[in-house]
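Engineer: What shape does this take:
(3 chains)
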Amino acid sequence: MSWIRRRSGWTSPAEVDLFIARFESSAESLSQALRVAASSAAAAAETDADTVPFGQLQGTVVGLRYYTGVVNPGEMVALVREPQNPYDRNAVMVANMDGSQVGHIKKDLAAAMAFVMDNNLAKVEGVVPYRNNAFTMPVSLSFWGAEEDKPAFTQRMAQHGFKMNSGGIMSTSNGAQGGRPPAKKPVTIPLSAEELKNAFDNLFDGLMESKEGEKEAAELVSTPLLPHQKQALSWMCACENGSTLPPFWEQRGALYYNTLTCFSAKDRPQRVRGGILADDMGLTLSSKGKTLTTIALILTNFHQGKPLPVQRCEELTEMAPSRPEGSEDSTVVRDAAIGSPRSDSPQTSAETQEVMIVSSDAQKKKTTVLLEDLGFAAALSGSTSSTKPKNKRSAKKAVPKDDLDFAAALSGSTSVTKSKNKRSAKKAVPEDRVLPCISENAEELSARATLIICPLSVLSNWLDQFEQHVRADVQPNVYLYYGPERNRSTSFLASQDVVLTTYNVLAADHANKSPLHAVSWLRVVLDEGHVIRNPNTQMAKAVLHLKAQRRWILSGTPIQNSVKDMWMLLAFLQLKPFDIKEWWNRVIQRPVTQGDRAGLLNLQTLVRCITLRRTKSSTVNGRPLVALPKKTVCVEQVELTPQERAEYELARLEGQSTVSRYVAEGSVMSNYADVLAILMRLRQHCCHPDLLAKIASDLSVATTPAELRQRLVEKLRAVLASGSDEECSVCLESVRLPVITHCAHVYCRPCIAQVVASEREMARCPLCRSDLTISQLVEVPPEELEGEEDGARCERWRTSSKVEALLGNLLRLRSEDRSIKCLVVSQFTRFLSILETPLREQGFSFVRLDGTLSPEEAGSAGGVGLNLTAASHVFLMEPAWNPAAEEQCIDRCHRLGQTRKVFVTKFIVKDSVEENMVKIQRRKQDLVEKAFGSKNTDRKTSRIDDIRALMEL
DNA sequence: ACCGCCGGGTGCC
DNA sequence: ACCGCCGGGTGCC
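Structural biologist: You can find the predicted model right below:
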């Protein structure tokens, strides 16, 4: 008896809400049933690759005449259990793609299916092969499930007298043959895992060759756009104004027909007025290219293709008197009159330095700080003081301030002063009656504001960019919706040109009569949109419930590692019918994960229709979009001295015995922090002996609460410093605002706070079920980081093999060409400190960037956009766990603006944990599962495997 | 006739 | 529903 209630296949609260939304007029029983289905399946299971076909069955849909839903030949239908049906508790209803009920499954078959569905022995997909009469119709049911459930399923169906046809692979390619049953399934060879992975990796590549042309930004934009930015603007405007049908839809007479599901609708399905702008980071001067393009879009494409009507600010106009129209001219005038923009100041300062030493951790966590050069710090931290002295906002910003305070101080103050402008502005610029492709009705025309949602770390970047790229005399109303004093008036928000907020504010508001959700936005923009790829998060749900005419996702990495991640993006863009997970799963995800070629082709088409992505290697009319100098990567093997080797081996043997004990006990995960600490010590040995902190690793030796706290802080710091890209088990993202529990597990503070809040009684640690309270959570006190270092530095300095390897390279390069600048990257800030000594001794000038500030504070300091193109040689002092992090470091140099050939040197200590890390990196890249919907459980086991490999166990 | 057969009424779950 | 099923009317050929 193994029919334990498992998570159900196709409903999660979010998607059912969407499903129901469309349905209000329909029969009560249906929405009821859907609600019940939703509540019984609060946690949605995913369609995983381990789903296998169980077979097919021809059934009958009855009671058609009682319902409105119509079905075309070959159309897919949804099968929904309806346990509350007063006539039959086994009822299984049949619904249309738009959610209209079509009928019921005939009761004898329904009785068999009810059991199967209720116990999640199988998922059912239905296709109506043909229509015969007005009262019943046939339905071809295919059943899918986990291999181990197949016998139970088959047996149960047999008990009811139903025998499955062979469960061969069924193609999803349009079933519109309309033929008689049994429809012949074309026999196709399923894609191999390898083919799939390749196709998937290339999904976002080579999109949008330049058939779009270029579009100039409105004159309001003061920064000239680069050619590929004009191209993006052109594409974005076309997406917003065009009226093309979404992919897979075509007009057939008076109806609109979906060629994949064969559904037809009377109402024209809205083409997403928006899409995904997924330009690669290395493509732009800092990541601000997307920001600039988006600002240009906001200003250039208001209603009916006209620019945003904004009034000039009188005082500023006086200051910078009347100037010729045309963006280039005005830029020149503005620059001359007001001072040059500071976008390039990081390079300018950096150019004076020979060596930049950078903590790669700082980059990964999007933090950047500077120790040595205060001028550089000011440039990076984004103070805009010189640009517009009269502007209140700028004046405030000139004071170097903690970003959070800064945000709080700003919120509410910005546009109040200006909001009065707006009415007159609308009159001042009369709207032309030029007919656009999309006819905009009165309500649509009333929407004005663009809502931009971004991670906190890039909030101030947006504010800066608006100031920097918009003509000084026409600042649009940009309201920062953030901080306790934020203005929650719906009408105020709706009257802004731009409202800027964070995912967290949005999510927090969503729970509690959110004004953001009451506004009808002209446009919603999700910056770093991949952060909401998990649809179960509050942020994701909050985002889905926003009302908007146009929707954009900005992201450098639209898919992180699985097809699954795509769904949230499509749902946000409301790409019919994939915004409902049932259809996404059936039409794309399940076929693709099972190697269906047609499914993959459909996915490719889909992505192509809504995405603009250019990479460094993209071409326009056969010519490279951006010509980048060549990049050479080499690995330099470092041999430890006998002394270092002896110390390393000692640490390795000790670590091995501890970890092998954990492996034997099966307690690796519960001692994860310890394991990471061991690994880190080995990695530190590879770099420099003085990196090793004297950490008492055993929590049990802590006697006093203060001592325990200190131990936890050390552990947390060890985890963070390990560079393991620690993942929060609640949100499954890299931890942000990390805290450690008394049971030594690390989470994002907001995530674990939410867990605690949602627990009625005593909250438990999601990983080990220990009791926990908010007050027990421990975080790293930021100021402590500095003090300790001084202690370490006081000791007598010594060298290490790796230090020597680096110095050898630097000295050689300097003797070859004194103008060469180098970027030295390490995840250990202490290592950077150690490196300072010989660099000074040898007379190298350098700046240092590292992550001593919290992400919020440092976010504005360059963040993801940190641009280090002044350097042409990159030295990665040690391997990263995540190869993408290394790539990111390299891309700081190898991007637009780089004029020299780029050389990358990776130092790897021979016969060490570092070599094992490289092996794992390589193996991971080959691992298909990594790219395709790998299961959560596997992630854990593969981690343990990783640890064993690292420890050579 | 405790049948068969006829033909009208009727029809999801 | 050009079906199946029900139940009343009917009953040699």
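Engineer: per-residue confidence for the nearest residue to residue A:471 once chain neighbours are set aside?
Structural biologist: Once flanking residues are discounted, residue A:471 sits nearest to residue A:222: 4.6 Å by CB to CB, 6 or more residues apart in numbering. In short, each C-beta sits where N, CA and C put it, glycine included. Listed pLDDT for residue A:222 reads 87.
Engineer: Using the record's domain definitions, break chain A down for me.
Structural biologist: Listed domain ranges for chain A are A:13-159, A:641-784 (source: automatic domain parsing).
Engineer: and these, which is most packed in?
Structural biologist: domain A:13-159 (a mean of 19; mean count of other CB atoms under 10 Å).
Engineer: how many neighbours does residue A:164 have?
Structural biologist: 18 (other CB atoms under 10 Å).
Engineer: didn't it look like it was pressed against residue A:142?
Structural biologist: No: under the criterion of CB atoms under 8 Å, residue A:164 is not in contact with residue A:142, lying 9.3 Å apart.
Engineer: Quick check: neighbours shared by those two?
Structural biologist: A:54-57 (CB atoms under 8 Å, 6 or more residues apart in numbering).
Engineer: out of the residues you listed, which are inside strands?
Structural biologist: A:54-57 (DSSP state E).
Engineer: between those, which is closest to DNA strand C?
Structural biologist: residue A:57 (19.2 Å; CB to the nearest atom of the strand).
Engineer: quick one: the closest one from DNA strand B, how far?
Structural biologist: In this view, residue A:57 and DNA strand B are 16 Å apart by CB to the nearest atom of the strand, to the nearest Å.
Engineer: Can you pull the phi and psi angles for the residue nearest to that residue when sequence neighbours are not counted?
Structural biologist: Closest residue to residue A:57 apart from its sequence neighbours, by CB to CB, 6+ apart: residue A:141 at 4.8 Å. Backbone torsions for residue A:141, taken as degrees, to the nearest 10, come to phi -100, psi 130.
Engineer: ok so, going back, tabulate the domains of chain A in a markdown table, adding columns for mean pLDDT.
Structural biologist: Shown next, in a markdown table, are these (pLDDT from 0 to 100):
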| stretch | mean pLDDT |
| --- | --- |
| domain A:13-159 | 80 |
| domain A:641-784 | 80 |
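Engineer: coming back round to it: specify which member of the shared contacts of residue A:164 and residue A:142 is nearest to DNA strand B.
Structural biologist: Nearest to DNA strand B among these: residue A:57, at 15.7 Å, using CB to the nearest atom of the strand.
Engineer: State the number of residues packed around residue A:251.
Structural biologist: Counted with other CB under 10 Å, residues neighbouring residue A:251 total 11.
Engineer: where's whatever residue of the stretch 151-300 of chain A ends up closest to DNA strand B relative to residue A:93, distance?
Structural biologist: Across the stretch 151-300 of chain A, the shortest distance to DNA strand B (CB to the nearest atom of the strand) belongs to residue A:160, at 13.2 Å. Look at residue A:160 and residue A:93: by CB to CB, to the nearest Å, they are 18 Å apart.
Engineer: for residue A:457, same thing?
Structural biologist: With distances taken as CB to CB, residue A:457 is found 47 Å from residue A:93.
Engineer: re the thing from before, number of nearby residues for the residue nearest to residue A:471?
Structural biologist: Count around residue A:222 with other CB under 10 Å applied: 23.
Engineer: Pull the contacting residues for the residue in chain A that DNA strand C sits nearest to.
Structural biologist: Closest approach of chain A to DNA strand C (CB to the nearest atom of the strand) occurs at residue A:135, with a separation of 3.3 Å. If a contact means CB under 8 Å, 6+ apart, then residue A:135 has A:62-65 as its contacts.
Engineer: let's go with 7 Å and repeat that
Structural biologist: Applying CB atoms under 7 Å, 6 or more residues apart in numbering to residue A:135 gives the contacts A:64-65.
Engineer: Now it: phi and psi?
Structural biologist: Torsion angles, degrees, to the nearest 10, at residue A:135: phi -110, psi -30.
Engineer: related to what we said a few turns ago, hmm, the residue nearest to residue A:471 is touching residue A:473, no?
Structural biologist: No: Residue A:222 lies out of contact with residue A:473 (CB atoms under 7 Å); the separation is 9.8 Å.
Engineer: so which strand or helix has residue A:570?
Structural biologist: Assigned by DSSP states H and E, residue A:570 belongs to helix A:564-573.
Engineer: what do you get for residue A:501?
Structural biologist: Secondary structure from DSSP H and E places residue A:501 in strand A:498-502.
Engineer: quick one: contacts of that strand?
Structural biologist: With contact meaning CB under 7 Å, 6+ apart, strand A:498-502 is reached by A:298, A:449-456, A:459, A:462-463, A:476-482, A:493, A:516.
Engineer: Taking strand A:498-502 as reference, get the angle to the helix or strand just after it.
Structural biologist: Sequence-wise, the next helix or strand downstream of strand A:498-502 (DSSP H and E) is helix A:503-510. Our comparison of helix A:503-510 with strand A:498-502, counting by axes from the mean of the first three to the mean of the last three CA atoms, to 10 degrees, yields an angle of 90 degrees.
Engineer: Identify all contacting residues around the lengthiest helix in chain A.
Structural biologist: Scanning chain A for the helix with the most residues, using DSSP state H, yields helix A:642-665. Residues outside helix A:642-665 that contact it (CB under 7 Å, 6+ apart): A:640, A:668, A:671, A:675, A:678, A:681-682, A:685, A:689, A:800-801, A:912, A:947-948, A:951-953.
Engineer: In PDB, list the C-alpha atoms belonging to that helix.
Structural biologist: Backbone C-alpha positions of helix A:642-665 (Å, rounded to 0.1, in the frame of the first residue of the first chain) are rendered in PDB as follows:
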ATOM      1  CA  PRO A 642      58.500  21.000   1.200                       C
ATOM      2  CA  GLN A 643      57.600  23.000   4.300                       C
ATOM      3  CA  GLU A 644      54.200  24.100   2.900                       C
ATOM      4  CA  ARG A 645      53.600  20.600   1.600                       C
ATOM      5  CA  ALA A 646      54.100  19.100   5.000                       C
ATOM      6  CA  GLU A 647      51.700  21.600   6.600                       C
ATOM      7  CA  TYR A 648      49.200  21.000   3.900                       C
ATOM      8  CA  GLU A 649      49.300  17.200   4.300                       C
ATOM      9  CA  LEU A 650      48.900  17.400   8.000                       C
ATOM     10  CA  ALA A 651      45.700  19.500   7.500                       C
ATOM     11  CA  ARG A 652      44.500  17.200   4.800                       C
ATOM     12  CA  LEU A 653      44.800  14.000   6.800                       C
ATOM     13  CA  GLU A 654      43.100  15.600   9.800                       C
ATOM     14  CA  GLY A 655      40.300  16.900   7.600                       C
ATOM     15  CA  GLN A 656      39.900  13.600   5.800                       C
ATOM     16  CA  SER A 657      39.400  11.800   9.000                       C
ATOM     17  CA  THR A 658      36.700  14.200  10.200                       C
ATOM     18  CA  VAL A 659      34.900  14.300   6.900                       C
ATOM     19  CA  SER A 660      35.000  10.600   6.400                       C
ATOM     20  CA  ARG A 661      33.400  10.200   9.800                       C
ATOM     21  CA  TYR A 662      30.600  12.600   8.800                       C
ATOM     22  CA  VAL A 663      30.200  10.700   5.500                       C
ATOM     23  CA  ALA A 664      30.000   7.400   7.300                       C
ATOM     24  CA  GLU A 665      27.500   8.800   9.800                       C
END
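Engineer: if we can go back for a sec, quick check: buried residues in the strand holding residue A:501?
Structural biologist: For strand A:498-502, the neighbour count (16 or more other CB atoms under 10 Å) marks A:498-502 as buried.
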